[in-house]
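J.: need a 3D model of the sequence below.
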Amino acid sequence: MVAESNSTPRPAGADTVPGDHPTGVAALVRLALVLVDRTGRIAQWSRAAEELFGHRADVAHDRAASGLLPAVEPLGASGSVVRRRCDALDTLAALTSEGRPWAGQMPVTDREEHLRDVLWWAYPLPEPFGGLLALAADARPLRTAGPRLVLGERLLPFAATPSARGGFHRLGATLTAPGRLSAGLLPADRLVPLLPAGSADRRALLLDALDRAGLPALRLDASTVLPVLPADAQAAAAHAAAGLGRRYPTAQQRAARLGPTPPPDPAAPAARTVRGRPPGPLPAQREAAEPVTAESVTAAPPTAPPPAGGGVPIDQAAAEPSTRAPSSPGASGPEPAGNGHRPPPVVPAPAAAEAAQPGRLGPFLTNGQAGEQLALLNEVGGKVGTTLDLGFTAHELCQVLVPRVADFACVDLVDGLISDSELPVARPDDDTMLRRVALVYNETGGAWDHVLAEGSLVSMPRRTPPGMALQLNQPVLVPVVSEDVAVDYAIALGGVRLAPVVTGRSMLVVPLSARGTVLGILKLLRLPDRAPFDESDAATLKELAVRAALSLDNARLHRAEARVATTLQRSMIPTRPPQIPGVQIAHRYLPGDPKAEVGGDWFDAIQLPGSRVALVVGDVMGHGLHSAAAMGRFRTAMQTLAALDLPPGQLLRHLDNLAHKLGDDHLATCLYAVYDPINRTCELASAGHVPPVLVHPDGSGELLEIPAGAPIGVGGVPFVAKTIDVSDGSMLVLCTDGLVEVRGGDIGAGLAALCGNLIDPRQSPEQACDVVLKRLHSDDRKDDVALLVARFDGVAPSEVATWDLTVDHREVRRARSLVREQLAGWHLEALSDTTELLVSELVTNAVRVARDRVQLQLIRVDKLLVEVSDDNHNLPSLEPAEQLGETGRGLTLVTKLAERWGTARKAVGKVVWFELPLPHA
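T.: Numbering: from 1, shown residues only. Here you go, the predicted structure:
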């Protein structure tokens with residue numbers, strides 16, 4: 001293959017202008033685009049992202065990015081010994097937090113709870129945009145078949161040579177050298193799909209930023225790197241379809257060529273197909289018909305609007321002969337009331353000889369050979385539905401049919417049934433999206449190239465055989481697919497490259513319907529070397545599909561239940577520790593039941609005013625979902641009480657009272673600690689919990705003696721707090737008893753081990769967590785484990801400025817002067833005007849309502865944090881602009897100019913704070 005190099009090879013005889021086309025070989029990859037705005041919400045979710053991760057764009061858009069894509073920590077992200085669960089978009093934000101892009105591998109759990117091997121390219125967007133631009137690609141097809149290569153605008157008919165093990169196992173994500181666009185080595189227009197929507201100027205700025213950072217690339221081995229160009233499926237289909245009018249005329253062109261055709265004599269024998277056009281109604285009769293496959297389709301829809309969930313049953317059609325059309329293939333059926341369209345001609349089930357005509361398409365609901373039918377149905381009953389996994393059940397169905405019945409089988413289910421908890425009310429239509437959940441075919445060389453892969457999203461218009469089967473809830477048969485029918489079918493699905501896959505094959509599409517709902521379709525294809533499908537096959541497979549659909553619906557219902565439980569569980573445990581100045585935090589959670597993701601243990605790190613942080617570890621007694629639900633209530637109550645900034649002892653007292661008011665019969669142990677990085681103190685209180693371990697900077701461990709108290713829920717027991725001084729570089733280790741309790745032994749043995757020379761204070765908290773779990777945790781333990789390690793680094797006194805102000809309006813001018821002088825000393829003059837304005841507004845509000853005390857504090861860490869405190873406990877509120885008079889606009893200014901802001905109650909009074917990003921060097 002041709003490797004990337006500065007000596008740019010060209011195709012022989014090509015007259016290429018530098019910068020217009022790629023001058024070397026590039027990889028054509030289907031890239032998913034996810035844009036996260038500066039507030040942490042999804043701003044854009046591409047169609048490829050829908051296919052890769054399963055979440056629809058309308059569901060993902062404008063929701064919080066955190067928690068949407070559970071993932072496994074990428075290799076090399078933290079040097080962890082134990083690969084841990086994380087959140088993909090949170091992790092990408094952390095990896096790019098220093099303003100540098102990142103490329104690598106990070107497996108992600110999609111909406112179907114399947115772990116997908118994903119390659120990522122993440123870019124922090126510069127100002128004035130802000131946020132995160134993430135590109136992703138499915139690594140599995142790239143590792144097995146290799147990337148598709150492109151030279152200029154020509155797709156090359158070869159790919160890179162795989163390794164000796166039969167695949168591209170070393171393939172990974174990387175970045176190109178900066179400046180490839182400015183050097184003319186890649187075409188800018190081909191990279192536009194990498195960018196989020198916006199104006200041309202905005203796209204140009206973003207493209208320039210990506211070029212400076214390094215564009216996406218694939219590393220095939222140690223010496224070969226290929227730049228990546230996005231594969232735009234829709235543009236490719238439109239480009240290929242542009243010349244089809246000459247080779248494959250459209251339905252209107254074919255009708256114009258053929259001209260009016262008199263209806264055939266009903267007494268005459270069935271005529272053979274001419275130019276792919278079977279006997280049918282006149283073109284004039286088809287103009288107002290439903291958009292079925294033009295000039296090649298004769299369908300049998302119901303003569304009246306069918307009931308929800310399906311078409312007219314065959315016995316009902318037989319019982320109403322007066323509503324059916326004559327047996328002549330050219331006669332038109334009655335027009336249904338209210339829809340304004342004339343339906344296609346209604347034709348009774350044709351004979352087998354007529355059904356064998358190539359290009360003929362229609363529903364066949366007749367009985368076949370009983371022996372083969374019974375054997376197949378028995379096999380389906382024994383091999384399909386052995387589990388309650390939706391994808392596995394669909395695979396079982398396809399595997400039973402291939403190669404016994406067909407050479408190709410796939411199951412496409414209505415995407416709404418997978419993503420939504422409620423069944424859709426409307427019947428399937430042309431806009432209904434289907435997701436391919438299973439695909440099985442005979443390994444025949446080249447026969448199934450370009451087939452849509454599992455996970456693909458497709459829409460099935462009614463003019464296609466799958467769309468007709470889905471919308472009419474009837475089997476649809478095409479004994480032999482003609483070339484023009486195949487092209488129409490492929491164009492409807494958005495890719496002309498699919499035409500060779502179905503041309504000359506025999507197709508049978510059977511709806512999957514259960515409990516009055518059409519779940520999707522089963523599509524079968526046979527190669528030309530086998531007998532085409534006939535009406536007997538259609539009848540057999542219709543019965544088979546009814547049974548399989550019940551298994552699929554049972555799996556869907558089970559998964560909906562499991563998803564509710566999983567969503568509840570995941571919402572209770574944080575996936576990423578907060579970034580708080582002066583303290584580094586890492587945590588781990590290991591459920592006692594490997595089939596569950598969470599039990600009754602929990603942990604938390606909550607940011608408090610003054611850069612303080614509250615560290616929480618708790619354990620609800622018991623196991624199972626009920627304990628997890630109780631844990632969720634305790635954790636929510638703890639976060640609410642922590643927002644009031646109560647002392648640890650008072651907070652546990654309120655939590656115990658609240659547990660009694662909720663009527664919760666669960667008991668819970670809990671440890672609550674508040675670390676102050678400015679004063680370098682830690683105040684702790686315990687409710688019957690395992691005492692924490694303080695690892696000093698010299699490596700010695702100390703088991704802290706804290707008044708134990710009683711578990712939350714006992715009632716009537718005081719909670720006594722203890723304050724200790726902590727040195728910079730020390731670590732606090734909090735855990736639940738599942739980590740240190742030894743079955744049949746004393747918990748003191750585990751605590752002694754934790755206090756020993758187990759943790760090196762020079763390690764990061766992430767490394768400390770891995771070491772503790774590796775040394776103390778074993779697989780035979782059945783209790784949940786929650787572990788939280790916090791390293792106390794403190795905030796240097798030179799980075800903090802605090803002033804006490806009197807309750808006097810003249811202090812507003814003094815506050816502005818103090819802020820100006822302090823920012824000049826910190827060389828932050830660029831923030832002076834904005835900070836002075838916002839401090840002036842907040843101090844004015846505080847002086848107006850305070851009784852005795854107002855305090856102003858500035859903290860310079862990775863951002864500028866400004867706090868204004870007073871002794872009035874009433875929190876200010878943001879009022880609508882139209883309700884404001886000459887005063888009251890202070891918080892509106894804070895909202896517009898600050899990056900983040902908030903209010904919080906303190907033990908006495910309140911604090912209003914805001915943050916401003918530090919200017920770049």
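
J.: what is the mean pLDDT for the helix or strand hosting residue 486?
T.: Assessed by DSSP states H and E, residue 486 sits inside helix 483-492. In this model, helix 483-492 carries a mean pLDDT of 79.

J.: point out where the stretch 201-350 of the chain drops to low pLDDT.
T.: Within the stretch 201-350 of the chain, the stretches with pLDDT under 70 are 232-350.

J.: quick one, strands of the stretch 701-850 of the chain?
T.: Using DSSP state E, counting those that start in this stretch, the strands of the stretch 701-850 of the chain run over residues 701-703, 721-725, 730-735, 785-792, 800-805.

J.: quick check: which helices or strands does the longest one pack against?
T.: Strand 785-792 is packed against strand 583-590, strand 601-607, strand 613-620, strand 730-735, helix 737-740, helix 765-776, with contacts defined by 3 or more CB pairs under 8 Å, 6 or more residues apart in numbering; DSSP states H and E. Every C-beta, even on glycine, is put in place using the N, C-alpha and C of the backbone.

J.: what angle separates the fourth one from strand 721-725?
T.: I take that to be strand 730-735. 150 degrees (axes from the mean of the first three to the mean of the last three CA atoms, to 10 degrees).

J.: partners of strand 730-735, with directions?
T.: Counting by DSSP bridges, the strands paired with strand 730-735 are strand 693-695 (antiparallel), strand 785-792 (antiparallel).

J.: using JSON lines, please lay out the ones you listed together with mean pLDDT, mean neighbour count and distance to residue 666.
T.: Converted to JSON lines, those look like this (pLDDT from 0 to 100; neighbours: other CB atoms under 10 Å; distance: least, CB to CB, whole Å):
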{"stretch": "strand 693-695", "mean pLDDT": "90", "mean neighbour count": "23", "distance to residue 666": "27"}
{"stretch": "strand 785-792", "mean pLDDT": "91", "mean neighbour count": "25", "distance to residue 666": "16"}
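
J.: of all these, which one is nearest residue 49?
T.: With distances scored as CB to CB, the stretch of the strands paired with strand 730-735 nearest to residue 49 is strand 785-792 (32.9 Å).

J.: beta partners for residue 34?
T.: In beta-bridge terms (that is, DSSP bridges), residue 34 pairs with residue 45, residue 134.

J.: what's the model's confidence in the longest helix seen in the chain, averaged?
T.: If you go by DSSP state H, the chain has its longest helix at helix 535-570. Mean pLDDT, helix 535-570: 80.

J.: tally of neighbours for the closest residue to residue 67 other than its chain neighbours?
T.: Nearest residue to residue 67, sequence neighbours excluded (CB to CB, 6 or more residues apart in numbering): residue 87, at 6.0 Å. Neighbourhood size, residue 87 [other CB atoms under 10 Å]: 21.

J.: could you pull up phi and psi at residue 87?
T.: Main-chain torsions, residue 87, degrees, to the nearest 10: phi -110, psi 130.

J.: how much space between residue 602 and residue 579?
T.: According to CB to CB, to the nearest Å, residue 602 stands 20 Å off from residue 579.

J.: between the two, which one's more packed in?
T.: residue 602 (26 against 15).

J.: for this structure, name the helix or strand with the lowest mean pLDDT.
T.: helix 283-286 (a mean of 31; mean pLDDT, DSSP states H and E).

J.: what sits closest to residue 191 if chain neighbours are left out?
T.: Per CB to CB, 6+ apart, closest to residue 191 is residue 207, 6.3 Å.

J.: which SS class is that neighbour?
T.: In three-state terms, and counting by DSSP: H, G, I helix; E, B strand; the rest coil, residue 207 is helix.

J.: and it, how many neighbours does it have?
T.: Neighbours around residue 207, by other CB under 10 Å: 17.

J.: residue 212 now?
T.: Neighbour tally, residue 212, other CB under 10 Å: 14.

J.: who's in contact with residue 750?
T.: 739, 740, 741, 742, 776 (CB atoms under 8 Å, 6 or more residues apart in numbering).

J.: go on, residue 605?
T.: 574, 577, 578, 580, 585, 587, 613, 614, 615, 616, 788, 790.

J.: so how far is residue 673 from the spatially closest residue to it that is not a sequence neighbour?
T.: For residue 605, ignoring the flanking residues on the chain, the nearest one in space by CB to CB, 6+ apart is residue 585 at 5.0 Å. Separation of residue 585 from residue 673 (CB to CB) stands at 12 Å.

J.: what touches both of those two?
T.: In contact with both residue 585 and residue 673: residue 615, using CB under 8 Å, 6+ apart.

J.: the more surrounded of those two?
T.: residue 673 (25 against 21).

J.: helices or strands up against the host helix or strand of the more buried one?
T.: Taking DSSP H and E as the criterion, residue 673 maps to strand 668-676. When contacts are defined as 3+ CB pairs under 8 Å, 6+ apart, strand 668-676 sits against strand 613-620, helix 625-642, helix 648-661, strand 681-687, strand 730-735.

J.: mean pLDDT lowest where, among these?
T.: helix 625-642 (a mean of 84).

J.: how far away is the nearest residue to residue 150 once chain neighbours are set aside from residue 201?
T.: Using CB to CB, 6+ apart and skipping the chain neighbours, the partner closest in space to residue 150 is residue 28 (4.7 Å). According to CB to CB, residue 28 and residue 201 sit 28 Å apart.

J.: and these two? Which one has more around it.
T.: residue 28 (19 against 8).

J.: using CSV, list the CA coordinates for the strand holding residue 673.
T.: Listed next in CSV are the C-alpha coordinates belonging to strand 668-676 (Å, rounded to 0.1, in the frame of the first residue of the first chain):
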residue,chain,number,x,y,z
ALA,A,668,-27.3,3.3,56.9
THR,A,669,-23.8,4.1,58.2
CYS,A,670,-22.2,7.3,57.0
LEU,A,671,-19.0,9.3,57.3
TYR,A,672,-19.1,13.1,56.4
ALA,A,673,-15.9,15.1,56.2
VAL,A,674,-15.3,18.8,55.2
TYR,A,675,-11.8,19.8,54.0
ASP,A,676,-10.8,23.4,54.0
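
J.: how many other residues sit next to the closest residue to residue 95 other than its chain neighbours?
T.: Spatial nearest neighbour of residue 95, excluding adjacent residues (CB to CB, 6+ apart): residue 102 at 4.3 Å. By other CB under 10 Å, the residues close to residue 102 number 23.

J.: does residue 102 have any beta-bridge partners, and if so which?
T.: Counting by DSSP bridges, residue 102 is bridged to residue 122.

J.: which parts of stretch 770-787 are buried?
T.: By 16 or more other CB atoms under 10 Å, the buried positions in stretch 770-787 come out as 770, 771, 772, 773, 776, 777, 781, 783, 784, 785, 786, 787.

J.: the third one against residue 788, yeah?
T.: It stands for residue 772. No - the criterion here is CB atoms under 8 Å, and residue 772 misses it with residue 788 at 10.7 Å.
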